[in-house]
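Engineer: with the input below, show me the fold.
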Amino acid sequence: MRYLVSTSLCAIIGASAFAAGAEVKVTGTYSSLTYNKESGDLGGTEISILYGAHAHYAIVQCAEGEPGVPIVVKIHVNGPKVSFAVPKNSGSGCPEAAYVGTVSAAGLMGQFSGFGSPELLQRKNSYWQ
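Structural biologist: Predicted structure coming up:
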């Protein structure tokens, strides 16, 4: 009985330590793109974060009625926090503003500066898949 309690306790402590130390991967696809069958419009935001050449990049696309042009931007990553700027005249459909967000197990919670309130982009396959 003592062995069973001791083994169970070690397993619980080990699992807790693993969960506390486990970092969420920043790379992935985060999307709120949805198609409205009634209006025929596409709306939302999709951000795919990639790593290459010793830096992080994002493919960013927004839609308000129809999809914008996907753009690639270099992003700043500090732990789970990410930020980037959408340049003027990008055609992405996104606001020409800075984006700041935090990655968690739930997805990417963030917003374009000066545009609405923070939105959760769920971690999932791209809308286009």
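Engineer: just for the chain, where's the confidence low?
Structural biologist: In the predicted model of the chain, residues 1-22 satisfy pLDDT under 70.
Engineer: can you tell me the centre-most residue of it?
Structural biologist: Computing the C-alpha centroid of the chain and ranking residues by Cα atoms, centre = their mean puts residue 108 first, at 3.4 Å.
Engineer: ok, it - contacts?
Structural biologist: 30, 47, 82, 101, 102, 120, 121, 123 (Cβ atoms under 8 Å, 6 or more residues apart in numbering). Just so you know, the C-beta spots here come from the backbone N, C-alpha and C atoms, and that holds for glycine as well.
Engineer: now swap in residue 107 and tell me
Structural biologist: So residue 107 contacts 30, 120, 121, 122, 123 (Cβ under 8 Å, 6+ apart).
Engineer: considering those residues, which possesses the most neighbours?
Structural biologist: Among those, the one with the most neighbours (other Cβ atoms under 10 Å) is residue 30, at 24 neighbours.
Engineer: report the buried residues of stretch 69-85.
Structural biologist: Neighbour-count burial for stretch 69-85 flags 70, 71, 73, 75, 77, 82, 84, 85 (criterion: 16 or more other Cβ atoms under 10 Å).
Engineer: now, among these, which is nearest to residue 25?
Structural biologist: The closest of these to residue 25 turns out to be residue 77 (Cβ to Cβ; 11.0 Å).
Engineer: name the nearest residue to that closest one, ignoring sequence neighbours.
Structural biologist: Sequence neighbours aside, residue 56 is the residue nearest to residue 77 in space, at 4.8 Å (criterion: Cβ to Cβ, 6 or more residues apart in numbering).
Engineer: pull the number of nearby residues for the one you found.
Structural biologist: Residue 56, neighbours per other Cβ under 10 Å, totals 17.
Engineer: hey, what's it bridged with?
Structural biologist: residue 51, residue 75 (DSSP bridges).
Engineer: and the gap between it and residue 40?
Structural biologist: Counting by Cβ to Cβ, to the nearest Å, the gap from residue 56 to residue 40 is 35 Å.
Engineer: then residue 95?
Structural biologist: Where residue 40 is concerned, residue 95 sits at a distance of 23 Å (Cβ to Cβ).
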